[in-house]
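K.L.:
when you get a sec, could you give me coordinates for this:
(one chain, ligands or ions: 1)
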Amino acid sequence: MRKEDIKPIIVLQEIDQEISRINRRLGILAKEREELERKLESLEKELQTLLKEKEELEGKERVLKERIEEEEELLNRVEEKMYMVRKDIEYKTLLKEKSKHEDNVLKLSYELDEIREKIERLKEEIKDRVPKIEKDMKETKEELEDLIEEEKIAKNKLQELLKERKLREQEVDISLLKFYEEARQRFGENVIVSIEGGVCSGCGMKIPDVLFAKILKEDSIERCPNCGRYIYYRL
Ligand SMILES: [Zn+2]
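P.N.:
Next up, the predicted model:
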């Protein structure tokens with residue numbers, strides 16, 4: 001293979017390497033983005049849970065207060081009636097009723113105290129946790145924005161490279177292009193590699209002296225006896 005033929009392929013190879021690099025980076029960015037989105041979602045959920053819990057407790061507090069008022073109202077009515085009854089039996093019935101409403105008020109007040117304690121504890125938690133969640137959300141959103149921006153730039157760059165690759169492809173002899181594409185299936189990103197310090201930069205093996213001497217003398221492209229990649233000394 002002549003060195004002149006190989007140059008356009010090396011250009012193509014460099015573009016392909018850059019395309020692979022960007023695709024790898026896009027893969028990493030996509031994963032990071034998913035992670036950040038999940039984090040944001042769970043922070044949002046935590047925030048909503050705290051606020052919803054508070055709302056529910058306050059709802060229960062309202063209901064209990066209403067029920068206590070109702071019981072107190074009933075209690076008042078019974079007490080008023082007690083002033084007016086004459087018969088002992090009626091009085092006893094009212095007394096029982098009175099005691100029932102008193103028990104209810106007591107029971108409900110106890111429940112109300114419990115709910116209010118819970119609300120106080122929750123308010124403390126909200127006071128402590130919400131600013132942290134909001135700060136974390138803000139930072140996560142900023143990170144996400146940066147990441148999306150980087151993704152956008154990388155995607156644009158990728159489009160440019162793909163366009164350039166198409167142009168460059170036209171400069172390469174069709175049979176060489178076929179050879180390159182096939183070799184790429186086998187060797188991956190590095191098909192045609194340089195000899196650096198007497199070593200194949202594709203696999204890292206030292207090039208035998210005889211072969212190296214031949215490459216130097218004929219200024220040719222040969223194949224690495226170890227990995228089979230195409231090796232050149234200097235372009
Ligand atoms: Zn090699």
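K.L.:
which SSE is the residue most central in space within the chain in?
P.N.:
Closest residue to the average C-alpha location of the chain: Glu35 at 1.6 Å, with C-alpha atoms, centre = their mean. According to DSSP states H and E, Glu35 maps onto helix 3-84.
K.L.:
and for Tyr230, the neighbour number?
P.N.:
Here the count is done by other C-beta atoms under 10 Å, and Tyr230 has 21 residues near it. For glycine as for every other residue, the C-beta is placed from the backbone atoms N, C-alpha and C.
K.L.:
oh, that last question was meant for Glu111, not what I typed.
P.N.:
Glu111 - counted by other C-beta under 10 Å - has 16 other residues nearby.
K.L.:
circling back: helices or strands up against the helix or strand following the helix holding Glu35?
P.N.:
Per DSSP H and E, the first helix or strand lying C-terminal to helix 3-84 is helix 88-169. Judged by 3 or more C-beta pairs under 8 Å, 6 or more residues apart in numbering; DSSP states H and E, helix 88-169 is in contact with helix 3-84.
K.L.:
do the longest strand along the chain and the ion meet?
P.N.:
Ranked by residue count, the top strand of the chain under DSSP state E comes out as strand 192-196. No. Contact of strand 192-196 with the ion is not found when judged by C-beta under 5 Å from the ion; the minimum separation is 7.1 Å.
K.L.:
for that strand, what is the average pLDDT?
P.N.:
The average pLDDT for strand 192-196 rounds to 94.
K.L.:
so what touches that strand?
P.N.:
6, 9-10, 13, 200-202, 207, 212, 215, 221, 224, 229-235 (C-beta atoms under 8 Å, 6 or more residues apart in numbering).
K.L.:
and the helix holding Glu35, what does it pack against?
P.N.:
helix 88-169, helix 174-187, strand 192-196, strand 230-232.
K.L.:
how much space between Lys54 and Leu122?
P.N.:
Lys54 sits 5 Å away from Leu122, going by C-beta to C-beta, to the nearest Å.
K.L.:
typo on my end, it should be Glu142
P.N.:
Distance, Glu142 to Leu122, by C-beta to C-beta: 29 Å.
K.L.:
next, the buried residues of stretch 34-47.
P.N.:
Applying a neighbour-count criterion of 16 or more other C-beta atoms under 10 Å, one finds 36, 39-40, 43, 46-47 buried in stretch 34-47.
K.L.:
got the contact list for that stretch?
P.N.:
129-130, 133-134, 136-137, 140-141, 143-144, 147.
K.L.:
one more pass at 10 Å, please.
P.N.:
126, 129-130, 132-137, 139-141, 143-148 (C-beta atoms under 10 Å, 6 or more residues apart in numbering).
K.L.:
quick one, what contacts the residue nearest to Leu36 when sequence neighbours are not counted?
P.N.:
Residue nearest to Leu36 in three dimensions, not counting chain neighbours: Leu144, with 4.7 Å by C-beta to C-beta, 6 or more residues apart in numbering. Going by C-beta under 10 Å, 6+ apart, Leu144 touches 32-33, 35-37, 39-40.
K.L.:
closest one of the buried residues of stretch 34-47 to the ion?
P.N.:
Using C-beta to the ion, Leu36 comes nearest to the ion of those, at 40.8 Å.
K.L.:
near the ion, which residues of the chain are found?
P.N.:
Counting by C-beta under 5 Å from the ion, the chain sits next to the ion at 200, 202-203, 224, 226-227, 229.
K.L.:
OK, contacts around Gly82?
P.N.:
For residue 82 the amino acid is Met, not Gly. 90-91, 94-95, 97-98.
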